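**Student:** Give me a 3D structure for the following:
(one chain, ligands or ions: 2)
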Amino acid sequence: MSNYHAFTEAEAIEYARGIEGMFPEGAQLVSREIGDGNLNLVFHISDPVSGRSVILKQAVPYAKVVGESWPLTLDRARIESEALIIQGRLCPDLTPKVYAYEPDLALTVMEDLSDHIIMRRGLMERNRYPLFAGHIGEFLAKTLFFTSDLAMNQQEKKLQVKAFINPELCKITEDLIFDDPYTDSPNNSFDVHLRDAVESIWADTELHLEVALLREKFLTKAQALLHGDLHTGSIFIKPDSTKVIDPEFAYYGPMGFDIGAVIANLLLNYAGQEGWSPSDADRADYRRYLLDTVRDVWTEFETRFRALWNEHAADRMAKTPGYQDLYVAGLLQDTIGFAGAKMVRRIHGLSHVADIDRIEDAAVRERAQRLALAIGTALIKRGRSARSIDEVLDIALSATK
Ligand SMILES: Nc1ncnc2c1ncn2[C@@H]1O[C@H](COP(=O)(O)OP(=O)(O)O)[C@@H](O)[C@H]1O
Ligand SMILES: CSC[C@H]1O[C@H](OP(=O)(O)O)[C@H](O)[C@@H]1O
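**Tutor:** Numbering: from 1, shown residues only. Ligands and ions are numbered 1, 2, ... in the order given. Below is the predicted model:
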């Protein structure tokens with residue numbers, strides 16, 4: 001990556017001007033750096049006259065949220081662009097179009113999705129998205145099924161596992177999700193009022209055993225090409241459209257990690273509804289919508305995944321009676337366990353979620369945090385014995401005072 005340097009806004013404009021066919025000759029381009037994620041630069045380049053626009057996403061050689069003291073591979077830009085291309089082939093309507101990838105600059109040029117909003121914000125505004133569960137169920141079923149040994153030639157799949165070895169980004173997940181929240185790590189960050197709840201998680205060895213088993217799956221179960229960071233900040237949405245962005249954490253891992261991420265982030269918003277002050281009936285109604293969506297995400301995924309299996313399984317052994325049922329039962333258990341782990345890390349780990357952190361009143365924020373921890377830890381403990389997605393809804397309802 002010898003020519004690499006991080007773009008200034010002026011350089012981003014110059015680069016965009018050179019993209020063939022993108023902007024009219026001589027257009028007065030405007031650039032805004034809009035990256036609000038933890039890791040990368042995102043330039044929005046537009047021509048106010050023609051109304052045309054494009055996104056340039058560039059990795060920097062460190063974790064932006066921490067600074068240069070946390071070096072991070074630029075190879076994540078390759079992983080992200082290659083994963084976007086695969087996901088785009090499988091789900092063209094659910095992903096941004098990738099126009100180009102420049103390895104020397106760790107830069108991906110992609111479709112501007114600014115007519116959508118980031119789903120986390122949409123949920124914080126208490127919008128409802130009736131098509132979301134079907135859309136994300138389709139994304140999960142197609143991307144996970146078609147990249148797995150069920151649908152692929154096993155030799156080709158192994159080459160894909162190799163192409164998506166992503167050790168540095170996986171290490172972030174291994175530490176921030178499966179280690180730090182369960183010990184007194186300097187990476188943790190939490191409000192003082194939460195110390196007793198956090199200390200009881202540090203001391204809960206029954207919980208630690210379940211997390212160790214989930215971590216082992218994350219480390220070893222190369223089931224499918226995961227998105228790897230499928231939270232509601234990685235989803236752009238509007239009523240009739242859903243687009244999944246930001247797969248730089250992609251690697252071959254356990255399918256339930258992606259499904260669990262979606263469910264966890266719906267439940268984090270559920271907990272964050274403590275911060276809303278409508279009538280109790282309105283809050284309960286929005287929470288009901290979120291729980292219905294949790295159930296629908298799973299059932300939409302399961303229905304489509306089974307249909308793909310029945311129609312496209314390439315593997316003779318995949319047709320063995322009973323195999324599909326056991327496989328799907330295992331996916332549900334993984335999904336529930338990973339959902340719990342993805343909730344807990346957002347309360348007292350390094351990286352939080354706005355659904356809860358934006359609650360200004362400390363006492364109300366504390367109620368939301370405790371609720372998220374109660375649901376998250378219960379999901380982790382239930383995972384291995386779960387039989388139905390309804391158990392997730394029951395856990396959320398019984399933790400809610
Ligand atoms: N294709 C896109 N169209 C419009 N805005 C985008 C696009 N991709 C990213 N963004 C904006 O940039 C922000 C950060 O992007 P993201 O891919 O999540 O970066 P990071 O990898 O740093 O988390 C998003 O929250 C969104 O506001
Ligand atoms: C130091 S990275 C922390 C956290 O950030 C990533 O999320 P995003 O870049 O989408 O905001 C990922 O979830 C990591 O665990």
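**Student:** Walking through this protein, point out its strands one by one.
**Tutor:** Using DSSP state E, the strands assigned to the chain run over residues 30-33, 40-47, 52-59, 62-63, 67-71, 98-102, 107-110, 117-118, 224-226, 235-238, 241-244, 251-253.
**Student:** Out of these, which is the most enclosed?
**Tutor:** Most buried of these, by mean neighbour count (mean count of other CB atoms under 10 Å): strand 224-226, with a mean of 27. Backbone N, C-alpha and C define where each C-beta goes, glycine included.
**Student:** Could I get the phi/psi values of the residue most central in space within the chain?
**Tutor:** The residue lying closest to the centre of the chain (CA atoms, centre = their mean) is L230, at 1.3 Å. Note on L230: backbone dihedrals following degrees, to the nearest 10 are phi -90, psi 60.
**Student:** looking at it, L84 is touching Y99, isn't it?
**Tutor:** No - counting by CB atoms under 8 Å, L84 sits too far from Y99 to count as a contact (10.8 Å).
**Student:** intersection of neighbour lists for the two?
**Tutor:** Among the neighbours of L84, those also in contact with Y99 (CB atoms under 8 Å, 6 or more residues apart in numbering) are M110.
**Student:** for whatever residue of the chain ends up closest to ligand 1, what are its contacts?
**Tutor:** Closest residue of the chain to ligand 1, CB to the nearest ligand atom: G37 (1.9 Å). Contacts here follow CB under 8 Å, 6+ apart; on that basis G37 touches K64, G233, D246.
**Student:** one step back: so which of the strands of the chain is nearest G137?
**Tutor:** Checking the strands of the chain against G137 by CB to CB gives strand 241-244 as the closest, at 10.3 Å.
**Student:** In its sheet, which strands sit next to that closest one, and in what direction?
**Tutor:** Paired with strand 241-244 in the same sheet, following DSSP bridges, are strand 235-238 (antiparallel).
**Student:** any residue of the strand it pairs with up close to ligand 2?
**Tutor:** No - Strand 235-238 lies out of reach of ligand 2 by CB under 6 Å from any ligand atom, never closer than 10.6 Å.
**Student:** Tell me how many other residues crowd A212.
**Tutor:** Applying other CB atoms under 10 Å, we find 12 other residues in the vicinity of A212.
**Student:** Ignore what I typed, I meant R316.
**Tutor:** 7.
**Student:** Could you do E14 as well?
**Tutor:** Neighbours around E14, by other CB under 10 Å: 13.
**Student:** Tell me how far it lies from G51.
**Tutor:** From E14 across to G51, the span is 21 Å (CB to CB, to the nearest Å).
**Student:** Which residues of the stretch 151-300 of the chain lie near ligand 1?
**Tutor:** Checking the stretch 151-300 of the chain against ligand 1 by CB under 6 Å from any ligand atom, the hits are G233, S234, I245, D246, E248.
**Student:** What's the per-residue pLDDT of the nearest residue to T95 once chain neighbours are set aside here?
**Tutor:** Take T95 and drop its neighbours on the chain: the residue closest to it by CB to CB, 6 or more residues apart in numbering is G88, 4.4 Å away. With respect to pLDDT, G88 has a value of 98.
**Student:** ok, now how distant is G88 from I245?
**Tutor:** Distance from G88 to I245, by CB to CB: 11 Å.
**Student:** Look at those two and report which has more neighbours.
**Tutor:** The neighbour comparison of G88 against I245 (other CB under 10 Å) goes to I245, with 24 against 18.
**Student:** what's near enough to touch that one?
**Tutor:** L84, T95, P96, L113, S234, I235, F236.
**Student:** Looking at these, spot the one nearest K158.
**Tutor:** When these are ranked by distance to K158 (CB to CB), L84 comes first, at 21.9 Å.
**Student:** Can you pull the residues of the stretch 251-400 of the chain lying near ligand 2?
**Tutor:** By CB under 6 Å from any ligand atom, the residues of the stretch 251-400 of the chain that approach ligand 2 are S351.
**Student:** hang on, the earlier thing: pick out the most distant pair among the contacts of I245.
**Tutor:** L84 and I235 (13.8 Å).
**Student:** ok and the residue in the stretch 201-350 of the chain nearest ligand 2?
**Tutor:** Counting by CB to the nearest ligand atom, the stretch 201-350 of the chain gets nearest to ligand 2 through D229 (4.7 Å).
**Student:** How many residues are close by that residue?
**Tutor:** 22.
**Student:** sorry, back to before: which of the contacts of I245 fall in helices?
**Tutor:** Taking DSSP state H as the definition of helices, these contribute L84.
**Student:** Top of the contacts of I245 by number of neighbours, please.
**Tutor:** Within those, most neighbours by other CB under 10 Å means I235, with 28 neighbours.
**Student:** Need the pLDDT of the spatially closest residue to H348 that is not a sequence neighbour.
**Tutor:** Excluding its sequence neighbours, the residue lying closest to H348 (CB to CB, 6+ apart) is F190, at 3.7 Å. The model reports F190 with a pLDDT of 98.
**Student:** all helices of this protein, in order?
**Tutor:** 9-17, 75-90, 119-124, 132-146, 154-163, 167-176, 195-203, 205-220, 255-272, 280-312, 323-348, 354-357, 362-382, 390-399.
**Student:** now those helices as TSV including distance to Y182?
**Tutor:** Below are the helices of the chain laid out as TSV (distance: least, CB to CB, whole Å):
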stretch	distance to Y182
helix 9-17	41
helix 75-90	26
helix 119-124	25
helix 132-146	27
helix 154-163	28
helix 167-176	11
helix 195-203	6
helix 205-220	6
helix 255-272	16
helix 280-312	24
helix 323-348	8
helix 354-357	19
helix 362-382	10
helix 390-399	20
